[in-house]
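Q: sequence and predicted structure below; questions after.
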Amino acid sequence: MPVARPEPQEPRVIAHVDMDCFYVQVEQRRNPELRGQPTAVVQYNDWKGGGLIAVSYEARKFGVKRSMRGDEAKMVCPSINLIQVPVARDKADLNVYRSAGSEVVAILSTKGKCERASIDEVYLDLTDAAKEMLLESPPELSELIFEEATKSNILGLTSDVSNREDSMRAWLCRASADYQDKLLSCGAIIVAQLRVKVLEETQFTCSAGIAHNKMLAKLVSGMHKPAQQTVVPSSAVQDFLVSLPVKKMKQLGGKLGSSLQDDLGVNTVGDLQSYTEEKLQEYYGVNTGTWLWKIARGISGEEVEDRLLPKSHGCGKTFPGPKALKNNASVQTWLDRLCEELSERVQSDLNQNKRIAQTLTLYARACKKNESDSIKKFPSKSCPLRYGTVKIQEDAMKLFESGLHDFLGSQNTKWSITSLSVSASKIFDIPSGTGSILRYIKCPNSTVSPANLDCSSLPEDPSLGNKLYIAPNHEEHCEPSLSEKEHCEPSLSEKEDHGNNSNLAKRCQTKEEKKVSKKLTEVKGTCSILKFLSQSPPVLSEKRKFDSLICSHPGPESSSEPNQAEEYKSTQSVDRNSASSSTWMFNVEDIDPAVVEELPPEIQREIHGWIRPPKHASSKTRGSTISSYFLPAKRS
């Protein structure tokens, strides 16, 4: 139920900007030949010409309405151009319209706090910009008023058509106006400037409402379409609301508005004004009763949110009549398509805007074969959102099965789905400093490929507070490749000296030490986070040493030449303690548990051991540590 919010202490200037038949304008920009012609955008063309979702003003003159189908629109207006919405995954793809809307938002947001309400509508809080204009260049002192502003419509101001612009200019420039109206005058000029800029840069026209709160601005933004704006002075609010149907008010178009009509006989806002606050509280509770009493008088404390991006992402599809889904397999097919699109959008939002969605919700409309229980609605179901197309698809299907179980109850009857949608909500900006575990690993001399890890984002000099020091022994001994053996091959004199096997081993060991970093990244079958850790100078601190890292190259038993086996044995006989060890550091407190949970179980256990060392030492079996991932691959 709606709740009344505190009113601001000072007057505000709020605008609601609404694009004019936006989808049609986007199509006209893509195909300029459609300009000036009756045009409509249809979402589907497979039944009666498709459903109209946007109708140009040229087509409206012929009586074409959005409630019509394409075939019906052609009967009313034979010359109409029907443009189909782009299709992807067998459903409407609105990305072209979303992108066009973002162009408009980028322009409108330059003058104040901007809240994107939908693809084609925006709220603006222009209070600061209006105050600045009033101080620097008040309208009453300006010799020239922006021409588009003089075309505004002022509620409560009567004027002849012949001198309408003169009347508007006189109202905007009144020296005797009170402070609130002067702010509205500045707001009207700013909005007019923005609308002209939108037209110049995007070729789109828009209409607007300017008032002291969001509710009133929204109510009047569509009163004088297309390409016009309407201003609501405080003195005109009462007369404007008296005759307004109560269902036109925001949040009163549904059950609450129907209750006002049925229970209290309220049909207009004027009827609602006749009830006291106490009486409304008696019927609808303290909070909602107060809210109803205030909106009936044009009072609203709802603020414009500073949000340029959508609050949620949603993908849906309807299945009318014979297209209804009647089994789990068909539902699964469509859920996979919807979730694939949703996954692309949330991933794009994450990459571009550094925002993460937290909740996945499934909605559906369904009916049973048994008409007696058809009133029961299919319950919406939610769960935490896991990124990745396959994960989202799996979770969405589980949500559907859960909702279907609740919808059917104990009945074993046939069912059909007429609408299906999934959404990602509770979207938040990623906190500064939050990211992959790799970000918190110190890598002054990282050997990881830049494609895998961007070390530029790592802290240059992390604090040495609660650090975890890991010192794996870089005593990697690998059989040299053929090219490496050519470089390690002894000279002729060395060949004659059969006692110089140790010299050969030392030379190969030196070669291997130089290439150890490269080898680590090339080890086959390796999936440990250790390969992402970079070297840093040893630190005199308590350390944990891992088992020696052994490359997964074939051993001597797989060698085809005896001398290769001998070289392998020689390199293996080198003193392991002679290898220099390195220390890696990162903050234990900065480890993201969500990242750890995505790792293999054995790695999770070891990381938890770093964070919370066991009280008693426990013996570990082969394969239970990260280092076991570097063991030689078994050959059959």
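A: Ah, there it is.
Q: find the nearest non-adjacent residue to residue 376, please.
A: residue 407 (6.6 Å; CB to CB, 6 or more residues apart in numbering). In short, each C-beta sits where N, CA and C put it, glycine included.
Q: shaky segments in this structure?
A: 45, 159-161, 370-375, 433-591, 594, 598, 602, 610-636 (pLDDT under 70).
Q: domain map for it?
A: 1-20+89-308, 21-88, 313-429, 436-635 (automatic domain parsing).
Q: quick revisit: pretty sure the residue nearest to residue 376 sits in a helix.
A: Yes - judged by DSSP: H, G, I helix; E, B strand; the rest coil, residue 407 forms part of a helix.
Q: my read: it touches residue 366, true?
A: Yes - using CB atoms under 8 Å, residue 407 is in contact with residue 366, at 5.9 Å.
Q: what's the longest helix in this protein?
A: In the chain, with assignment by DSSP state H, the single longest helix is helix 328-353.
Q: helices or strands next to that helix in the packing?
A: Packing partners of helix 328-353 (3 or more CB pairs under 8 Å, 6 or more residues apart in numbering; DSSP states H and E): strand 91-92, strand 313-318, strand 355-368, helix 389-408, strand 415-429.
Q: redo that, cut-off 7 Å
A: The contact analysis (3 or more CB pairs under 7 Å, 6 or more residues apart in numbering; DSSP states H and E) places helix 328-353 against strand 313-318, strand 355-368, helix 389-408, strand 415-429.
Q: now that helix against strand 313-318, angle please.
A: On the basis of axes from the mean of the first three to the mean of the last three CA atoms, to 10 degrees, helix 328-353 is oriented at 150 degrees to strand 313-318.
Q: what angle separates helix 328-353 from strand 355-368?
A: In terms of direction (the same axes, to 10 degrees), helix 328-353 departs from strand 355-368 by 160 degrees.
Q: residues contacting residue 10?
A: Residues counted as contacts of residue 10 (CB atoms under 7 Å, 6 or more residues apart in numbering): none.
Q: wasn't it part of a strand?
A: No - per three-state DSSP, residue 10 lies outside any strand segment and is coil.
Q: neighbours around residue 152, how many?
A: Each residue near residue 152 was counted by other CB atoms under 10 Å, and the total is 26.
Q: which residues are in contact with the residue lying closest to residue 5 once chain neighbours are set aside?
A: Once flanking residues are discounted, residue 5 sits nearest to residue 301: 3.6 Å by CB to CB, 6+ apart. Going by CB under 7 Å, 6+ apart, residue 301 touches 5, 6, 7, 8.
Q: go again using 6 Å as the cut-off
A: Residues counted as contacts of residue 301 (CB atoms under 6 Å, 6 or more residues apart in numbering) are 5, 6, 7.
Q: closest to residue 263 out of these?
A: residue 5 (24.7 Å; CB to CB).
Q: you'd agree that closest one is in a helix?
A: No - secondary structure of residue 5 (three-state DSSP): coil, not part of a helix.
Q: and the helix or strand containing residue 41, what does it pack onto?
A: For residue 41, the host element (DSSP states H and E) is strand 39-42. For strand 39-42, the packing partners by 3 or more CB pairs under 6 Å, 6 or more residues apart in numbering; DSSP states H and E come out as helix 22-30, strand 52-55, strand 81-84.
Q: among these, which is nearest residue 204?
A: Using CB to CB, the nearest of the helices and strands packed on strand 39-42 to residue 204 is helix 22-30, at 5.1 Å.
Q: show me where the stretch 51-200 of the chain has its helices.
A: Taking DSSP state H, counting those that start in this stretch as the criterion, the stretch 51-200 of the chain carries its helices at 57-60, 70-76, 95-108, 127-136, 164-172, 179-202.
Q: from those helices, which stretch is densest packed?
A: helix 179-202 (a mean of 21; mean count of other CB atoms under 10 Å).
Q: relative orientation of that one and helix 164-172 in degrees?
A: If you take the same axes, to 10 degrees, helix 179-202 sits at 130 degrees to helix 164-172.
Q: run the angle between whichever helix or strand comes after helix 179-202 and helix 22-30 for me.
A: Using DSSP H and E, the next helix or strand after helix 179-202 towards the C-terminus is strand 206-211. With the same axes, to 10 degrees as the basis, strand 206-211 and helix 22-30 are set at 140 degrees to each other.
Q: report the backbone C-alpha coordinates of strand 206-211 in CSV.
A: Taking Å, rounded to 0.1, in the frame of the first residue of the first chain, the C-alpha atoms of strand 206-211 are listed here in CSV:
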residue,chain,number,x,y,z
CYS,A,206,9.3,15.1,-26.6
SER,A,207,6.7,16.6,-24.3
ALA,A,208,7.1,17.6,-20.7
GLY,A,209,5.3,18.6,-17.5
ILE,A,210,6.8,21.1,-15.0
ALA,A,211,5.6,21.3,-11.4
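Q: anything in contact with each of residue 407 and residue 366?
A: If you check residue 407 and residue 366 against CB under 6 Å, 6+ apart, the residues they both contact are residue 378.
Q: at which residues are the strands of the stretch 151-300 of the chain located?
A: Using DSSP state E, counting those that start in this stretch, the strands of the stretch 151-300 of the chain run over 153-154, 206-211, 229-231.
Q: and the second one, what does it pack against?
A: With contacts taken as 3+ CB pairs under 6 Å, 6+ apart, strand 206-211 sits against strand 14-19, helix 179-202, helix 214-220, strand 229-231.
Q: nearest to residue 122, of the helices and strands packed on strand 39-42?
A: The closest of the helices and strands packed on strand 39-42 to residue 122 is helix 22-30. By CB to CB, the value is 11.5 Å.
Q: element containing the residue nearest to residue 5, please.
A: Going by DSSP H and E, residue 301 is not in any helix or strand.
Q: and residue 54, how many neighbours?
A: So residue 54, with other CB under 10 Å, has 24 neighbours.
Q: tell me the contacts of the closest residue to it other than its chain neighbours?
A: Nearest residue to residue 54, sequence neighbours excluded (CB to CB, 6+ apart): residue 23, at 3.7 Å. Residues near residue 23 by CB under 6 Å, 6+ apart: 41, 54, 97.
Q: redo those residues as CSV? Include distance to residue 247.
A: Below are the contacts of residue 23 laid out as CSV (distance: CB to CB, whole Å):
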residue, distance to residue 247
41, 27
54, 23
97, 28
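Q: which one of the residues you listed sits closest to residue 219?
A: Closest to residue 219, out of all of the contacts of residue 23 and judged by CB to CB, is residue 54, at 21.7 Å.
Q: distance-wise, check that closest one relative to residue 6.
A: Going from residue 54 to residue 6 by CB to CB, to the nearest Å gives 38 Å.
Q: surely residue 224 touches residue 153?
A: Yes - at 4.9 Å, residue 224 counts as touching residue 153 under the criterion of CB atoms under 6 Å.
Q: joint contacts of these two?
A: Common contact partners of residue 224 and residue 153 (CB under 6 Å, 6+ apart): residue 230.
Q: re the thing from before, for residue 310, find the nearest of the helices of the stretch 51-200 of the chain.
A: Ranking the helices of the stretch 51-200 of the chain by proximity to residue 310 (CB to CB) places helix 95-108 first, at 8.4 Å.
Q: mind listing residues that contact that closest one?
A: Here helix 95-108 makes contact (CB under 6 Å, 6+ apart) with 23, 26, 114, 116, 119, 120, 122, 194, 197, 198, 202, 308.
Q: repeat for stretch 177-195
A: Taking CB under 6 Å, 6+ apart as the rule, stretch 177-195 contacts 11, 13, 15, 108, 111, 126, 129-130, 133-134, 139, 146, 148-149, 152, 172, 206, 208, 210, 229, 231, 233-234.
Q: change it to 7 Å
A: With contacts defined as CB under 7 Å, 6+ apart, stretch 177-195 is touched by 11, 13, 15, 107-108, 111, 126, 129-131, 133-134, 138-139, 145-146, 148-149, 152, 172, 206, 208, 210, 212, 229, 231, 233-234.
Q: what does stretch 342-350 give?
A: Stretch 342-350 has contacts (CB under 7 Å, 6+ apart) with 313, 315, 355, 356, 357, 387, 388, 389, 392, 422, 424.
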